[in-house]
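**Student:** here is the input, now give the coordinates:
(one chain, ligands or ions: 3)
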Amino acid sequence: MTAPILRRLADLRALTHEWRQQRDVIGVVPTMGALHQGHLSLAEAAKADCDRVIVTIFVNPKQFNNPEDLTNYPRTEQEDAGKLAPYNIDAIYVPDPDEIYPEGFATTVSVSGLTDVMEGEFRPGHFDGVATVVAKLFLQTQADRAYFGEKDYQQLMIVRRMARDLDIPIEVIGCPTVRESSGLAMSSRNQRLSEKGLVIAAVKHRVMRALVQALEDGEEFDVVAPQAQADLLAAGFSEVEYLQLRCAETLKLLPITDRPARLFAAALVEGVRLIDNLPVSPA
Ligand SMILES: Nc1ncnc2c1ncn2[C@@H]1O[C@H](COP(=O)(O)OP(=O)(O)OP(=O)(O)O)[C@@H](O)[C@H]1O
Ligand SMILES: CC(C)(CO)[C@@H](O)C(=O)[O-]
Ligand code: BAL
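**Tutor:** Ligands and ions are numbered 1, 2, ... in the order given. Here you go, the predicted model:
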C-alpha cells in the first residue's frame, strides 16, 4: 500500500489527532530521503512496534555546513514512496520548507558537550541544525517513539539528550547499522562513489573490524589509532578526519580499559565523506 504524502502540517495534525483519539501508538522515522535498506530497516522496526508510522523526508538546509554537499544531496521522492510501499507505513510527511522554517524563524536548539567532538568538530553548526529540525519533527508529529540508525551514533545520542532535556515525551530508539555485503555502511552518499571508490570505502570497515578485534584481544592501543589511519590513506582515502575510541555513553576519549566503548571514524574518498562506528565488546 502506498502511504499518502502530506506536505502541510495541518494535514498531518488532522491524521495524528484521529490516531490519538483511537489511542494508537505513533512511531516516526526522520530521514532526508534517498532511501536505502538502512532507512527501510527503521521503518520496519517502527511498524513492528507501533500502530501508526510516519516517515518524514526533509533535506534540512540548516544541518549542511558545506553548500556543495547540500546541492549534491540526492532527491528521489517518488522512488522513496515506492520503496516504502511494502512496509505499510501510514504517512509520508514531506513538509514544505515553510512548515519547518517559516518567515522570521529565529530559534535554534543547541545541545552542548556531546556536540563538541567528531561530527561536531568537523561539521560546525551541523548538530544545531539537526537538533532544531528533529525537535520540530518530534513536536509536529507528536510521535510516541522515534527510530534512528546507529550509523549516525553521535546524532542518536544528541537527539536522545535533546528530547530528555526538553521534556519531549518521546522514546528515542537506536537501530543497528545495515551494511552492504562488503561491510560498507549503507548511506545515501555512497551513490556518489565510483566502483573503485566503493572498493576503497569498504576497506574502512575491514580496518575498523581488525582494530576492534585487537582491542577485544587486549592488544596495546592508542585511542586515535595512528597505524589504522595510515592504512586507510594507503588504501586510497584522501583524508581521515578521525578514527577514535570513545566511551559509548559520554563520547569522551577513553583509556582502553574503560567500557562500554565504541570505535568511530570519518574519512573521505572521491570527495565523499563517509562515517561509521562499531561497538567494542566488554572485556
Ligand atoms: N546503514 C544504515 N543503517 C541503519 N540506519 C541508517 C543507515 N543509514 C542511515 N540510517 C539512518 O537513517 C536515518 C536517516 O538518515 P539519512 O537520511 O541521513 O541517511 P544517510 O544514508 O545517513 O544519508 P547520509 O548520506 O546523509 O549519511 C538516520 O537515523 C540514520 O542514522
Ligand atoms: C535526523 C535527520 C533526518 C535530521 O534532518 C538527519 O540528520 C538524518 O537523516 O540523519
Ligand atoms: N546522516 C546524518 C545527516 C547528515 O549527514 O547531514
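**Student:** quick one: end-to-end distance for stretch 28-41.
**Tutor:** 13 Å (C-alpha to C-alpha, to the nearest Å).
**Student:** just the buried residues of that stretch, please?
**Tutor:** Across stretch 28-41, burial judged by 16 or more other C-beta atoms under 10 Å covers 28-36, 38-41. (Glycine included, C-beta is placed from N, CA and C.)
**Student:** check those residues against ligand 2, which are close?
**Tutor:** When C-beta under 6 Å from any ligand atom is applied, the members of these adjacent to ligand 2 are 30-32.
**Student:** show me how the chain divides into domains.
**Tutor:** Per automatic domain parsing, the structural domains of the chain span 5-175, 188-276.
**Student:** got the ones you listed as TSV, with mean pLDDT columns?
**Tutor:** Shown next, in TSV, are these (pLDDT from 0 to 100):
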stretch	mean pLDDT
domain 5-175	97
domain 188-276	91
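**Student:** just the ones in strands from the ones next to ligand 2 among the buried residues of stretch 28-41, please.
**Tutor:** 30-31 (DSSP state E).
**Student:** looking at the ones next to ligand 2 among the buried residues of stretch 28-41, which is nearest ligand 3?
**Tutor:** Using C-beta to the nearest ligand atom, M32 is the member of those that lies nearest ligand 3, at 6.1 Å.
**Student:** other residues contacting the helix or strand hosting N277?
**Tutor:** Using DSSP states H and E, the element containing N277 is strand 272-280. Strand 272-280 is touched from outside by 69, 119, 150-153, 177, 184-185, 187, 189-190, 192-193, 197, 201, 204-205, 208-209, 212, 215-216, 241, 245, 248, 259-268, with contacts defined as C-beta atoms under 8 Å, 6 or more residues apart in numbering.
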